[in-house]
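Chemist: what's the 3D shape of this:
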Amino acid sequence: MSRISSVLTTVVATTACVCASASPAAATDPVVSRGVTIPAFYTPPAELPSGNGKLIRHEPLSLGLSLPGLDGRRLPGTATRLMYTSTDSNGQPVAVTGAYIEPSADWTGAGPRPLVVVGSGTMGQGDQCAPSLALENPLTLTGQTVSFGYETLAVYRLLATGAAVVVTDYVGLGVTDRLHTYVNRVDEGHAMLDAARAARSVPGASVTAASRVGMYGYSQGGGASAAAAELQRGYAPDVPLVGTYSGAPPADLTEVTKGIDGSALAGALGWSINGFAQASPALRDVVEANLNDAGRKALKDISTTCVGDAILNYGFTRSTTWTKNGKSVGEIIAGEPAAQAVLDDQRLGRLKPTGPVRVVTGTQDDIVPHAQARQLAVDWCKKGGDVTYKAVRLPNLGDKLLTNHLAPLLTDQGDAVDWLADRLKGKAASSNCWTMPAQP
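Modeler: Now for the predicted structure:
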């Protein structure tokens, strides 16, 4: 079996995206991404309502994995597809999609039913990769796109605690009016916080403005949940955030770029370049000046891929093959102060997070490097954050194959859900910042 075939086997078992169908929301020409027709629901209206977290539209969402309950309610709950308002990193209003799930399980804690906002791990950049679509159709395996809804397990475990869950598709993923701004901390943090606001307006939702809110995410989602914890105080003080799980967070994109370049997930470098070039003229100018024809072609194609097809087509690609001078994209950005400033502005750890946070990182992670994730915990501790840090120690499961990155997601998931459930019940966390000097 080839190295890339081995990687694909791993990803189909653990990775992600999917397609779906829905009743048309408007009479528009359908958007097709790699052979998948995107439901008309995902096309935003010409004008958005004012304010953040406002529900634009909603419709029932059929969960692809569900069972009939003894009381007639579906397990694990009843889902609603959402579109809501947010504000992007340039201060402009934007429509974001997602899904709210009202759990079948009862809430036995004090106060109203709590809410968990789930930021998905990397799904891709094509609109067909949206997490809300993956909840409806857990597996897509076609000639043009390969994806699997791997966050479903975490979502269902959270629902089993009695908490409601809202999943965000992030800015530009699913919605057809723009490109997904992959790992943009402001876009992701705002999308997470505004999802919590929008959930309160979903018909039939039991969550209220007084419901405790938790943030949950691993990898890209870990960066999104971390950003939400940092931005809550200034952007969404009305969201009662009581706990944040941030697994394998890409806190320093300069270091993360080094980790993914030439790895099985090299396509993610293309997603980040595409997203930041869309949002930042400074970086866009640098990219346009340095890419060769092969690089331009690759980035255009990558913009429509999900994780599976990105690995098949671009696994282990080095960005040196995309540039005119043979330097890596990271080296080129490092040599251009304006472009480097764009990545520096994405750095997490400069703001104190709201509420308790749990940072988890695998010591062997070579995709989202362990050292920069650990540094996020250190930075938050220095700012007086209530930080629970855990280093997951596993053997090296294969260099740059994604295995060292994905294994902690699975081995720590039960503890992560339990930790967040305790915060939703009002239990205090125990910071272990004092142990950081001895922690790997």
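
Chemist: Show me the strands in the stretch 201-350 of the chain, by range?
Modeler: Here the stretch 201-350 of the chain has its strands, by DSSP state E, counting those that start in this stretch, at 213-218, 241-247.

Chemist: What ranges does the stretch 51-200 of the chain have for its helices?
Modeler: With DSSP state H, counting those that start in this stretch as the criterion, the stretch 51-200 of the chain has helices at 131-136, 152-160, 185-199.

Chemist: and the nearest residue to G398 once chain neighbours are set aside, how many neighbours?
Modeler: Using CB to CB, 6 or more residues apart in numbering and skipping the chain neighbours, the partner closest in space to G398 is N404 (6.8 Å). Every C-beta, even on glycine, is put in place using the N, C-alpha and C of the backbone. The number of residues packed around N404, counting by other CB atoms under 10 Å, is 22.

Chemist: repeat for V32
Modeler: V32: 12 neighbours (other CB under 10 Å).

Chemist: try L55
Modeler: Count around L55 with other CB under 10 Å applied: 19.

Chemist: likewise G315?
Modeler: The burial count for G315: 23, using other CB under 10 Å.

Chemist: Quick check: it vs L402, distance?
Modeler: Per CB to CB, to the nearest Å, G315 is found 9 Å from L402.

Chemist: returning to what we had before: and the helices of the stretch 51-200 of the chain: which comes nearest V166?
Modeler: Proximity to V166 (CB to CB) singles out helix 185-199 among the helices of the stretch 51-200 of the chain, at 4.4 Å.

Chemist: so what does that closest one touch, helix or strand wise?
Modeler: strand 77-87, strand 93-103, strand 115-119, strand 164-171, strand 213-218, helix 220-235 (3 or more CB pairs under 8 Å, 6 or more residues apart in numbering; DSSP states H and E).

Chemist: Out of those, which one sits most buried?
Modeler: Highest mean neighbour count of the helices and strands packed on helix 185-199: strand 213-218, a mean of 31 (counted as mean count of other CB atoms under 10 Å).

Chemist: what are the pairing partners of that one, and which direction each?
Modeler: Using DSSP bridges, strand 213-218 pairs in its sheet with strand 115-119 (parallel), strand 241-247 (parallel).

Chemist: could I get those as CSV with mean pLDDT and distance to V357?
Modeler: Shown next, in CSV, are the strands paired with strand 213-218 (pLDDT from 0 to 100; distance: least, CB to CB, whole Å):
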stretch, mean pLDDT, distance to V357
strand 115-119, 98, 14
strand 241-247, 98, 5
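
Chemist: how about the ones you listed in CSV, adding distance to E47?
Modeler: Conversion of these to CSV gives the following (distance: least, CB to CB, whole Å):
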stretch, distance to E47
strand 115-119, 26
strand 241-247, 30
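
Chemist: Between those strands, which one is closest to A191.
Modeler: Using CB to CB, those put strand 115-119 closest to A191, at 7.9 Å.

Chemist: quick one: that closest one to helix 185-199, angle?
Modeler: 150 degrees (axes from the mean of the first three to the mean of the last three CA atoms, to 10 degrees).

Chemist: nearest to K324, of the strands paired with strand 213-218?
Modeler: strand 115-119 (35.7 Å).
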